[in-house]
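Engineer: I would like to see how this sequence folds:
(one chain, ligands or ions: 1)
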Amino acid sequence: MAKFYLTTPIYYVNARPHIGHTYTTVVGDAIARYKRMLGDEVVFLTGTDEHGQKIERSAKAARMEPQKFVDRIANEYRSLWDSLDLRYDRFIRTTEWRHERAVHNLLCKARDAGYIYKGTYEGLYCVSDELYVDDPTAEGKCPLCGRELEKISEENYYFKLSAFADRLLELYNRPGLPFVQPESRRNEVISFVKGGLRDLSVSRTSIKWGIPWPDDDKHVVYVWYDALTSYMSGVGYGDDELQFEKMWPADLHLIGKEILRFHAVYWPAFLMAADEPLPKRVVAHGWWTFEGEKMSKSRGNIRLAQPIANVLGVDALRYFLLREMVFGQDGSFSYEALLTRYNSDLANGLGNFASRTLAMIEQYFGSVVPTAAPATDSSLAALSADRQAAALRHYEKFEFSSALQSIWDLIAAGDAYLTREKPWTLAADPARRVDLGIVLYNAAELLRIVSMLAHPVLPHSTQKIWAQLGQKTLLAGERIDQIQWGGLKPGTQIEKGEALFPRIQKEDAIERMDQMEEEIRSEGAPKPAAPAAASSAAPAAAAATAPAADNRIGIEDFAKVEMRVGEVKSAERVPNADKLLMIMVDIGSEVRQVVSGIAQFYEPEKLVGRKVVVVVNLAPRKLRGVESNGMIVAASVGPEGKPVLAGFLEDVPVGTRLK
Ligand code: MSP
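Structural biologist: Numbers count the residues shown, from 1 in each chain. Got it, this is the predicted structure:
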C-alpha cells in the first residue's frame, strides 16, 4: 500500500476562516478521498499558524491573552472543518509543545552544520507578511500585500540562504516529477532564485509571541521557520520517530500562490541545511477573487463557507469550488455563479438523472434492477470507459474542473440515451419489456459509475445514490481505478429516496445566504453547517440555543458591541429581495442607512417613527447591492426565525447607548 502524505498551509489565527481558506482545505480533502479510493494510505494534515507579530497584535486588539485568543480561533477552524466534513487526519497547532521541540530540532541541526550566524538587520519590515523587505523598488510598501512597511533595526540570527542557490536550481530542474507546479509558478521561482538569494533573518527580538530561540531567549524563531516545520511536527518529527520515518517526506504541499516563495525556496533550503529529506512537490493554486479583488479580511470583501453549506449543502459548496475554479488559475466568486451551477449541474444534471432513472425502475420493475441480457448498449459502455480514463487522468493532475466535466459528459450521455430510447413509450408495449429492461439497466449502471467517479468531490450525495442503487458497501472503500461496466447486479433491490438537489429559487437562496452571513458576522462565532449529508434546500434549523459555558465572553467583549437607540425615519423594500428593507434610522449623531431582513414581517410604512435598537459599529457591507451601516436588533422567534424587533416600554432618547 503506497503512503500519501499531503498538507494544506496552516492558517493564521488572526482572522476567521473564509471561503479562500475553505477552498484549499476542500481541494486537500478531495485529493485525500481520491487517493484513498486508489488504495493509498493517506495522511492529510492541516492546522493553525499561531505565532508572530500579526497574531500578537490581533490578540491585543481583542484585549485577550494571546494563548486564549489563538485557542479560540484555532477552535473555529477545527469546528468549521468538522462541520463541513473535511476529513483531516492531523491538526497541528504551532503552540503545541511537540511542535516547539520539532522546531528546535531542525534549527539546531542547521546551526550545527554551520548554516546559522548572528548579524544585524536594519531596514523595512512588513508586519502582516512577517517579511523583511530589502528591495529598493518597494517604495515603502510590502511587495506581497501592499501595506505600509515599518522601519526596524534588530540583531538577529541569520540563515545562509545564499549557500543554497545552486542546489535549489538543481531541484527545480530535476528530471521527472517537477518540484513546483504548475509550470508558470516553477518559472517564477527559478527567476527569483536566479535573481540572487540573500541570507535570511530567522529570529526576532521585537516580538515575544513566538518559539524561544534555543539557548538565547532574547530571540524568538522567525514565524515562517516555525510555521513550515509544522509539516514535520504534524507527523511526529522529534517526537514519534517511527511515525515520522513512515510519513516523511510529504508527497504534496498544497498552497495558495502568494506563499510560493516560502514553500519552494526557503523550506527546501531549511531542510537541506538540516540534512532532512525534501518534500516531493509543492503545488500552488490561484485565488478566489470577489468583484475582481483577492478576497481578504483587510479588503472587507470576504465570503464565508457556512451560509452556502447551510442553504445548498456541503456537496454543492464543494462542487462549486472545484468545478468553477480552473486549478492553478484565479476564479471569480459570486452567489449568482454558484446558484447557476447548482441548478444546472446538480439539480437538473446529476439529481435529475438519478431521480428519473430510479423512479422508472421503481415504477416499471417494482424497484428491482432489471436484467441487461441479451445485450447491453456497447456504445454507452465504451463512452463510459473513455470518460473514466479521462476523469482519472485529470484527478491525477488535480484538474478537478476537467475531471468533473468528463463525469458530467456521462450524465449528459445518460440523459440523451433516455430521451432517445424513450423507456416510458417502451413501457406501454408489453412486447418491448426486454428492451425496457436493457435501457433502464444501462441508465442505472451509468449512474453507479458516475457516483463512483464523482465521490471524491461529492462524498455525501454519491454515497446516497450508491445506497439508493442497493449497494451495501461504503463508496469510499471502492477502487476508483477498477470500475468495470456491468458491475451492477440484475435483481438488486433499489430504493428511491428524496431528491438529492432540489431546484432552488435563486433570489431566495441568495437572500438566505446574505442573511446568514450577516448573522454569523454579527454573532462573532461561526455557526455549524447543516449535517454533512444534507442535500435539502430547506432553511437550516434556527440555532436558538443558549451559548455553551466555554463560549462565555468577558464584559470587555460585550463592550465592543455598540448598540444605540434609533428612530426609523423611512423604510422601503429593496428591489428584487423579498426579505430586505432599506431603513434610514436616526441614531442621534447621524441618520444611518441599514438593510434589515424583516420585510416579510413588517410593513415598511408602519415602521416610520418607531424606536429600535441599532448595532452601530458593524463594518459596512452590501446586501443585494445596497450598503448597510449597522444592524437592527430583533429576536429570532420559532423554527423559521421570525424577527421581532427589540424596543422599550419607557420612552428613551434617540442615541442612548445600551449597556
Ligand atoms: N500561515 C500562513 C501559511 C503557513 S504554511 C506553513 C498563511 N496563512 S493564511 O491564513 O493566510 O492562509 C493562506 C492560505 O489560505 C493560502 O495559501 C490559500 O491556500 C488560502 N487562501 C486564503 N485566501 C484565499 C483566496 N482568496 N483564494 C484562494 N485561497 C486563499 O499564509
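
Engineer: beta partners for whichever residue of the stretch 151-300 of the chain sits closest to the ligand?
Structural biologist: Closest approach of the stretch 151-300 of the chain to the ligand (Cβ to the nearest ligand atom) occurs at residue 256, with a separation of 2.6 Å. For glycine as for every other residue, the C-beta is placed from the backbone atoms N, C-alpha and C. Per DSSP bridges, the residues bridged to residue 256 are residue 285.

Engineer: which parts of the stretch 251-400 of the chain are helices?
Structural biologist: In the stretch 251-400 of the chain, the helices defined using DSSP state H, counting those that start in this stretch lie at 260-261, 267-273, 306-312, 314-324, 335-341, 352-365, 378-396, 400-421.

Engineer: which parts of the fifth one are buried?
Structural biologist: I take that to be helix 335-341. 335, 338, 339, 341 (16 or more other Cβ atoms under 10 Å).

Engineer: distance of the last one relative to the ligand?
Structural biologist: In other words, residue 341. To the ligand, residue 341 is 18 Å away according to Cβ to the nearest ligand atom, to the nearest Å.

Engineer: show me what contacts the closest residue to that residue other than its chain neighbours?
Structural biologist: Using Cβ to Cβ, 6 or more residues apart in numbering and skipping the chain neighbours, the partner closest in space to residue 341 is residue 320 (5.3 Å). Going by Cβ atoms under 8 Å, 6 or more residues apart in numbering, residue 320 touches 308, 337, 338, 341, 342.

Engineer: also residue 654?
Structural biologist: Here residue 654 is in contact with 565, 566, 567, 586, 587, 588, 611 (Cβ under 8 Å, 6+ apart).

Engineer: swap in residue 254?
Structural biologist: 6, 7, 8, 9, 24, 27, 28, 31, 283, 285.

Engineer: those: which two are farthest apart?
Structural biologist: 9 and 31 (14.5 Å; Cβ to Cβ).

Engineer: okay, how far is it across stretch 636-654, tip to tip?
Structural biologist: 24 Å (Cα to Cα, to the nearest Å).

Engineer: so how far is it from its chain's centroid?
Structural biologist: Averaging C-alpha positions (Cα atoms, centre = their mean, to the nearest Å) puts stretch 636-654 35 Å from its chain's average.

Engineer: tell me which residues of that stretch come out buried.
Structural biologist: 641, 643, 645, 646.

Engineer: between the contacts of residue 320, which sits nearest residue 472?
Structural biologist: residue 342 (29.8 Å).

Engineer: and residue 194, how many neighbours?
Structural biologist: 12 (other Cβ atoms under 10 Å).

Engineer: the ligand contacts on the protein?
Structural biologist: Neighbours of the ligand within the chain, by Cβ under 6 Å from any ligand atom: 9-12, 20-21, 23-24, 49, 227-228, 230, 255-256, 259, 287-288, 294-295.

Engineer: okay, and which of these map to strands?
Structural biologist: 11, 12, 49, 255, 256, 288, 294 (DSSP state E).

Engineer: ok, back up a step: so which of the contacts of residue 254 comes closest to residue 78?
Structural biologist: Comparing these against residue 78 with Cβ to Cβ places residue 8 closest, at 12.9 Å.
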